[in-house]
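Visitor: Below: sequence and its predicted model.
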Amino acid sequence: AKFTSSFYFFFFRTGSLLLAAHFYGLTRAAPLIPSTALGVLLLILSSLLAYAGIRRSQRNASLFLSLCLTISAFWCSYGVVFILGGQGVLNDTGDFRNALVPGLVTFTLALLIIAVVGFLCREVILAMIASAVSLASAHEVAMHYSTAFGSSAVACNYMIVCLVGGYFALGRILYFLTKEKITLPGTDLAKKKTHDQIQSTSGSVNHFAVTALILNMLSASVFACRLLGVTGKLFIGQVPWLWAAGTYQIGICILSYRAMDVLMATFFGFTSILKLAGGYCLLYPIWQSEEPSFHTPFLVVFSILFFVLALFLTLKSPVDGLYLLFYVAYCIALACSPKGFFEGGPQGVDVAIFVASALMALIHLYNASASATIPTGKGAVRALLARSSFPKLREGADLHAPYLGYSKYADAEVLGYACSVLASFAITMTGDPQAPLATVVIPWVVVAGGILKFLGGSVAFARGKTLESSAFILYAVMWIIWGLTRYGGLYGATRSFHAAVGIIAFMLFNVFIVFCTLFLNIAWFFYSLTFLLIAISFLLDAIHALPAGYDIAASLIFGLVSFYCFLSALSNSVFEGSYLPMGRPIVQLSGVGGGMTKCLHLPARKASSVKRIADILKNGGTCGIPTDTVYVLVAACNRPDAVEKAHQSKRQAQDRPMSLWISSLKQLEPAKHLFTPLLWDFMEAAWPSPISLVVPRGEWVDFLGMKDSAKYVGTPQSVAIRIPDCSVTTHLIDLVGPIAVTSANPTGEADTTHHNQVYAKLGDKVDAVLCDGPSPENIASTVVDCTKIDSGNIGFFRVGIIPKSQVKLILILFLLP
C-alpha cells in the first residue's frame, strides 16, 4: 500500500517513455516502434490509468483523478489513431494531420487547465506532468503545420514526464525506507489528505464531472475544427476521438451515479449518445456515397429533454443549468440541418460548446480542489427557494437512499425513462427497406434505447429494484435487436418467421412484467402496457400485417407515457414530496407495495441508523436486524407489548419459542451465583458465536428486567440465550438492553437471508429493518441443550452453522478435566 501512488505514476512514465521513443525515432527511416504496436500499448496503458484514477477517487485527490482519466481518454483514442495508421487506413500526412489535430488541440487546453489548477493548489508534481503533456501536444500540433518544429521537442516534453514521475517514485521510496524521516518536496501525500477528506465529506461532489466536460470539449473540437478550417475534412480518422469520448462518458455516467449525482449522470448519458452518433456518421461514407439525413422529430424531442433537465439542474446549480442550454441549441441546430453534423449550423454551436466546456471544466476542477471556490449560484438559489413557497429541494445524507436498504448508486430511472422517450420517437422514422441506412436511426435506437437503458437497468438492480431492472434490461435487449435488424440492413425486404417467434417470446416476458406492475404502481403499469403496443407493431411488421400508421401511433403513446415517467422521476429526485406521482399499486396485497411509508429501511453501516432502530425498540416497536447468521425479528425485553407483538406476528409455534440475546456476560454478572460454575465457564468459552445455549429457567431471568415479557421467551423449564458475534447487533443490545429474538420469517418457511426479504415476508408487522445486504451465512445458529451440562452431557435441538464436533470440542478442551 505504501507504494500505491508510485505504482500509479509508473503508468505515466511508461506511456511517456514510449511516446518519447516514438518521436525521437521519427527522423529515422524505420520507426523504433511500429505504429500498430504503439497503439496497442497505449490502449493497455490507458485502461490501467483509468483504473488508477477510479481507484484513487474513492479516497481523495480530485486533481489526480482528473489527470488520470483525461490522459487515459487521450491515449486511448490516440492509440486507435496509431493503429489505423499502422493498418493503412490513414494514407498520407494530410490524413494524419486531420485525424490527430482535433484531439491534440483539446487535450492541450484541457491539460493546461489541470496544470493551472494544480499550481494554484500547490500540487506541483501533478501540475508539471499535466503541463509537460500539454506542451507535447501543442508542439505536435505545430509540427503538423510547420516543418520548423521538429519531433524532438515533443519527445523532450514526454521525457519531462518520465523525470518527474521518477522523482516522485524516488521520494515515496525514501519516505517508506526511512520511516517517514526523509521527504522530498512535493511527495508528501499526508499533508494533502486533510483537505481532500474534508472536501469529500462536506457534501456530494462529483469529481468525475471534470473529465466528462473535457470529453465534451473533445467531441465539439472534431466538428469545430472543420468549421474553422483547422482540418480539411471529416472522415474515419476522427472517429476514435468521438467514440472514445462517448465510451468514457458512459463510464463517467455510471461513476456519477456512484457519486450520487443523478442530474449530471443523466446529462452525461445524453451527451454520450451525441458522441457515438457523431462517430457513426463519420463512418457513414464507408457504405453510403451520400451524407446521412437526420430524423427531425427525434432531435426536437431530444432538445426538449435537455431543456427540462436544464431547468431542474438550474435549481441545484444555475451555472450548470445554463451550460445545458448550449446542448438545447445544439439539438435544435441539428434538427434544422438535414445533414446534421456535417453542416455549418451545428458546427458553429460546437465552437460555443468547446469554449463553454473549457470554462466549466476550470470551474468544477478549481471548486473541487481548492479551498476557495468560484461562485456558481448554488447558495443564492438555495436561499431564494427557502424564502419562497416553491417546493423544497431534496438535500441531506439520505437523499438517494432506496426504499429497501441502501445502495452505492443513485437512482438511474430518470435516464431509463428518457431513453424510452428517445427510442420511441426515433422509430417513428420507418425507414426504406431498400436503403435502411439512408437516415440516421441506429445510434438513437441502439445507444439510447439499448445501451443506456441497459445501464439504467443494471443500476436499478444494484438498488434492489428487481422488477424495474428486469423491465429495463428486457426493453434494452429488444431495442438493440430491433434497431440493428430493422434499421441496420439485416432485416431486408423479406420478413422472417423466426423474427416473429422471437418477438412473441419477448411479448410473453412483457406480459408477465405487466402483471407484476399491478402490484407496483399505476405509472409502471401503463409504461409496461404501452411497450406491449410497440412489441405488437414489431410483430405485425414481421408478418407483413402492419396497418398504416399503427407503428407511429404506438410509438407516440409509449413515448408520451415514458415522458411523464421521466418528469415524475426527475421531480421526485429534486423535490421533497411527490408532485408528479407514479400512483399507488392497482392491486394491493399485504407485504407487497403496501406500507411503503410505515416501515423504515435503514443502512446498518451508519451509527445513526442503529440509534434510530434502538429508539424504535425502546418505544415498543419490532425490527428486523442482521446478525452473524440470518436476519431476525427482535423486540426489547423491557417492553412486554412489543415482545407480545413479535410473538403474535410470527404465529409462533409452541415448539419454537423466542430466545433471549444479550451483548455481554456482564449483564448476567449480578446473577452469576444462580448459574453452576461449569455452565458459566461454558458460556464464557462459547460466546460470542452463533451458538445458542438452552439453559434452565430460574430467578436469573428477573435480573434482566424482563417482567411480563418473560412468559413469551423460552419455555417454563428453559430459555435459549446467546451473545451474537456481530458488532452491529451487540451495539444495538448495548443501547436497548436484552432483546427477545425470533427468526424473521413465518413459522415453517425458510430463513431470511437478505434485508429485502424481511418486509416481503412479514409486511406491516415489522416497524423497521436494519439493512446490511446479504447475510454472512445462509444457516441459522446451532442450538445446544445445556440443561444437563453438570452431568457432562449436552444435547442438540438444532445443528446450524457450528457443527456438533466443534461444540463438543469446546466442552472437552476448556471445561472437562
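Guide: Thanks, I have the structure now. Numbering: from 1, shown residues only.
Visitor: which residues touch Leu38?
Guide: The contact partners of Leu38, taken as C-beta atoms under 8 Å, 6 or more residues apart in numbering, are 18-19, 22, 79, 82, 86. From N, CA and C alone the C-beta is placed, and that goes for glycine too.
Visitor: In this structure, where is pLDDT below threshold?
Guide: Low-confidence segments of the chain, defined by pLDDT under 70: 1-8, 29, 56-61, 186-204, 395-407, 430-438, 489-496, 589-598, 650-656, 814-817.
Visitor: what about the strands in it?
Guide: Secondary structure of the chain (DSSP state E): strands at 293-294, 439-440, 600-603, 623-625, 632-636, 659-661, 691-696, 718-722, 739-743, 768-771, 782-785, 795-798.
Visitor: can you redo the ones you listed as CSV with mean neighbour count?
Guide: Formatted as CSV, the strands of the chain follow (neighbours: other C-beta atoms under 10 Å):
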stretch, mean neighbour count
strand 293-294, 20
strand 439-440, 21
strand 600-603, 20
strand 623-625, 28
strand 632-636, 29
strand 659-661, 23
strand 691-696, 24
strand 718-722, 23
strand 739-743, 26
strand 768-771, 26
strand 782-785, 22
strand 795-798, 14
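Visitor: closest one to Val381 among the ones you listed?
Guide: strand 600-603 (29.5 Å; C-beta to C-beta).
Visitor: hang on, Ala523 packs against Tyr564?
Guide: Yes. Ala523 is within contact range of Tyr564, at 6.9 Å (criterion: C-beta atoms under 8 Å).
Visitor: out of those two, which sits in the busier spot?
Guide: Ala523 (20 against 16; other C-beta atoms under 10 Å).
Visitor: give me every residue that touches the nearest residue to Gly79 once chain neighbours are set aside.
Guide: For Gly79, ignoring the flanking residues on the chain, the nearest one in space by C-beta to C-beta, 6 or more residues apart in numbering is Leu42 at 3.2 Å. By C-beta under 8 Å, 6+ apart, Leu42 lies in contact with 15, 18, 75-76, 78-79, 82.
Visitor: Over to Ala412?
Guide: By C-beta under 8 Å, 6+ apart, Ala412 lies in contact with 257, 262, 265, 455-456, 459-460.
Visitor: Likewise for Ile721?
Guide: Counted by C-beta under 8 Å, 6+ apart, Ile721 has contacts 659-662, 692-695.
Visitor: In terms of distance to Ser62, which of these ranks first?
Guide: Comparing those against Ser62 with C-beta to C-beta places Trp661 closest, at 44.8 Å.
Visitor: in the protein, what residue sits furthest out from the centroid?
Guide: Most distant from the centre of the chain: Ser791, at 58.5 Å, with distances by C-alpha atoms, centre = their mean.
Visitor: ok, that residue to Ile801 distance?
Guide: With distances taken as C-beta to C-beta, to the nearest Å, Ser791 is found 27 Å from Ile801.
Visitor: now Phe267
Guide: Distance, Phe267 to Ile801, using C-beta to C-beta: 48 Å.
Visitor: Give me the more crowded residue out of these two.
Guide: Neighbours were counted for Phe267 and for Ile801 using other C-beta under 10 Å; Phe267 has more, 26 against 18.
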